[in-house]
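Asker: Structure, please.
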Amino acid sequence: MSSRSFLRVLVVVIGGVVLGGASFLALRGSAASPAATTIVAVPETSVTSTSTSTTVTTVPAIATTTTPPASTTTTLPGPGWLVIEGVGDTSFDPDYIPAFRTNGYEYAFEGLHGLFTSDDLTVVNLECSPSLLGHALDKAFTFRCDPAAMPIAHANGVDVANLANNHGQDFGVEAMLDARQQVIAGGIAPVGVGADLAEATSPALFDVNGWTIAVLGMGGVAPSSSWLATPDHPGMASGDDTDQMVAAVAAAAQQADIVVVSIHWGWELETSPRADDRARAEAMIAAGADVIFGHHPHRLGPLEFISGKPVFWTLGNFVWPWLSVSSATTAVARVVVAPDGTIAACLVPAYIERSGQPVLRATPRCAEGDVPITSPAGSE
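Answerer: Residues are numbered from 1 along each chain as shown. Sure thing, here's the model as predicted:
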């Protein structure tokens, strides 16, 4: 071998040793330094209303020269059973129901045997303004709730109060906005009214038993257009503007598995829906509504399923004075959602035996279809 060839081989060998040593040191440095660790993002998983389990893929283990990447699969519990209940017109106005002055507001719940504290979500139509602000408008009936009743209602299981009705602004806009805050302070979520249209049409959101539930409030019997919320005006969400209603439901459906609508609509004393309200119900269900609790006519009406979704057209009075047999005949709307998303619904019979005190007349249960309501003997 020539001296030149020998020198070339020597250079190659020395270079290999140097590079190998540098690579070894670099590997030791990367193993010891957290800053050099590569972080792999895990894709976000979601639970749908019909799933019973969710599969989560973990980050692969750090690879070595002798162990292949490993992954594990964990099955998480899917959604559980869900019970949602709704009732109609509810008032805590001590001037309208004097029994509250002597018996307190717990009196309103004594005939329910803890029903609302045993379900997963309870929605009421609050037919009064729980505020001490403002002055009564010039209208036939004005109802002012006692704000002190709100935490008591919450302690007895009330979770959501719809304020979008024809009495929500009986004492003006200032009282309506204060009422919203009083409801929140009492531990209850207000829906249906707000400082502008966006707030009035925003849902209350709940995560329960693996489900996300959105509740919307709407009112279709506004005494005047000035009661309706606009993008720059406080008021209530319309229950007449189908496009607005559909948009609110569709937006809520993007955030939740179950969408519940509490809506003040219909005509007083009429128990069957008119064509326009039926069309609104069908449009909301097509947009993603799963349950509709209706109220306003002061009479109990039927339960109907539209595309498999329960619509309680009118739930009548609930916490209300005893005025007649027909007006005192009421019910609790009960909706049961199975883990696979199947919905059953029924009416649990109740009767306002004393002013301000509804009393259950049957053991709560649920099956597909309506539960017949039998009024006590008597007359108007």
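Asker: Going by C-alpha atoms from here, please, whenever you check contacts or count neighbours.
Answerer: OK.
Asker: what about this protein, any weak spots by pLDDT?
Answerer: For the chain, the stretches with pLDDT under 70 are 1-76, 367-380.
Asker: can you give me the helices in it?
Answerer: Along the chain, counting by DSSP state H, helices occupy 3-32, 99-103, 115-118, 149-155, 172-185, 197-200, 242-253, 275-287, 325-328.
Asker: Show me what the fourth one is in contact with.
Answerer: Which is helix 149-155. Here helix 149-155 makes contact (C-alpha atoms under 8 Å, 6 or more residues apart in numbering) with 92, 105-106, 117, 182-183, 185-188.
Asker: repeat that with 7 Å
Answerer: 92, 105-106, 183, 186-188 (C-alpha atoms under 7 Å, 6 or more residues apart in numbering).
Asker: Out of these, which end up buried?
Answerer: Neighbour counting with 16 or more other C-alpha atoms under 10 Å marks 92, 105, 183, 186-188 as buried within the contacts of helix 149-155.
Asker: And the residue nearest to residue 235 when sequence neighbours are not counted, how far from residue 268?
Answerer: Take residue 235 and drop its neighbours on the chain: the residue closest to it by C-alpha to C-alpha, 6 or more residues apart in numbering is residue 229, 3.8 Å away. For residue 229, the distance to residue 268 (C-alpha to C-alpha, to the nearest Å) stands at 24 Å.
Asker: Could you do residue 294 as well?
Answerer: Note on residue 294: its distance to residue 268, by C-alpha to C-alpha, is 12 Å.
Asker: if we can go back for a sec, nearest to residue 80 among the contacts of helix 149-155?
Answerer: Among the contacts of helix 149-155, residue 188 lies closest to residue 80 (C-alpha to C-alpha), at 23.5 Å.
Asker: Go ahead and confirm the closest one touches residue 157.
Answerer: No. Residue 188 lies out of contact with residue 157 (C-alpha atoms under 7 Å); the separation is 9.4 Å.
Asker: The nearest residue to residue 199 once chain neighbours are set aside pairs with what?
Answerer: What sits nearest to residue 199 in space, not counting adjacent residues and going by C-alpha to C-alpha, 6+ apart, is residue 193, at 6.9 Å. As for beta bridges, residue 193 partners with residue 236 under DSSP bridges.
Asker: distance of residue 193 from residue 101?
Answerer: Counting by C-alpha to C-alpha, the gap from residue 193 to residue 101 is 28 Å.
Asker: can you give me the end-to-end distance of stretch 335-353?
Answerer: End residues of stretch 335-353 are separated by 25 Å (C-alpha to C-alpha).
Asker: Now it: buried residues?
Answerer: 335-339, 341, 343-353.
Asker: Mind listing the strands the longest strand anywhere in the chain pairs with, and their directions?
Answerer: If you go by DSSP state E, the chain has its longest strand at strand 343-354. If you go by DSSP bridges, strand 343-354 pairs up with strand 329-337 (antiparallel), strand 357-360 (antiparallel).
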